[in-house]
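[1] sharing a model prediction with you, sequence too.
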Amino acid sequence: MSDEVRDSLIPYDEIVQDALRAVVGRVLRQLEGHDSLPGEHHFYITFKTQAPGVDIPAHLVAKFPDEMTIVLQNRFWDLNVGDDQFSVGLSFNQTPSTLVIPYAAITAFVDPSVDFGLQFQVSDDDADEPEPHDEADNDRPDVTSEDGSNVVTVDFGKRK
């Protein structure tokens, strides 16, 4: 057996990333038609604000030019889940807004109430680390800390 790692002609990393993003869609689909999450569940969803297909108010893009984290718990409405994206109504500083977020734009999905999380690999186009950012502060109750003990990280970086 050789220590040399071969480049794959099959894009395994993209296939796995797409499958994990489909998990986000499946979870959100279970909540469609509701305006709050059951029990103590709440989701932190981080996404690239400039990614293709993202449609959010200009003031949010100005405040979060690279990446933004929203919280879904008990103050959202009109959750519509599609095959490639979802849309949701949230309030920011008492101003209602509708956000459209493709799954491909999501970089993290966390439900700290059950220590579950998914982190997605940033594409090669965005290889530089993003600037640290504040949470979006959509109107929501404060949430206790998260330890991320069950965060799944997939990294199929090529070895040379």
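    Okay, I see it. Numbers count the residues shown, from 1 in each chain.

[2] ranges for the strands of the chain?
    43-48, 67-72, 77-81, 85-92, 95-102, 106-111, 116-119, 151-153 (DSSP state E).

[3] and residue 9, what pLDDT?
    We have a pLDDT of 88 for residue 9.

[4] number of nearby residues for it?
    Residue 9 has 5 neighbours, counted by other Cβ atoms under 10 Å. Every C-beta, even on glycine, is put in place using the N, C-alpha and C of the backbone.

[5] could you measure from it over to residue 50?
    For residue 9, the distance to residue 50 equals 31 Å [Cβ to Cβ, to the nearest Å].

[6] also residue 19?
    Residue 19 is 24 Å from residue 50, where distance means Cβ to Cβ.

[7] more neighbours: which of the two?
    Taking neighbours as other Cβ under 10 Å, residue 19 and residue 50 compare with residue 50 leading, 13 against 10.

[8] need the contact list for the more buried one.
    Counting by Cβ atoms under 8 Å, 6 or more residues apart in numbering, residue 50 touches 61, 65-66.

[9] closest one of those to residue 15?
    Nearest to residue 15 among the contacts of residue 50: residue 66, at 26.0 Å, using Cβ to Cβ.

[10] and residue 5, what pLDDT?
    Per-residue pLDDT puts residue 5 at 68.

[11] low-confidence stretches in this protein?
    Residue ranges of the chain with pLDDT under 70: 1-3, 5, 122-160.

[12] can you give me the helices in it?
    Taking DSSP state H as the test, the helices found in the chain are 12-29, 58-63.

[13] give me the contacts around the first one.
    This points to helix 12-29. Residues from elsewhere that reach helix 12-29, judged by Cβ under 8 Å, 6+ apart: 43, 45, 79, 81-83, 86, 103-104, 106, 109, 118, 120-121, 152, 154, 156.

[14] what's the angle from that helix to strand 67-72?
    Counting by axes from the mean of the first three to the mean of the last three Cα atoms, to 10 degrees, helix 12-29 lies at 30 degrees to strand 67-72.

[15] chain center to stretch 68-81: distance?
    The gap between where stretch 68-81 is centred and where its chain is centred comes out at 11 Å by Cα atoms, centre = their mean, to the nearest Å.

[16] give me the distance between the two termini of that stretch.
    19 Å (Cα to Cα, to the nearest Å).

[17] just to check, residue 102 is in contact with residue 56?
    No: taking contacts as Cβ atoms under 8 Å, residue 102 lies outside contact range of residue 56: 11.6 Å.

[18] closest to residue 91 among the contacts of residue 50?
    Top of the list for closeness to residue 91, among the contacts of residue 50 and by Cβ to Cβ, is residue 61 at 17.2 Å.
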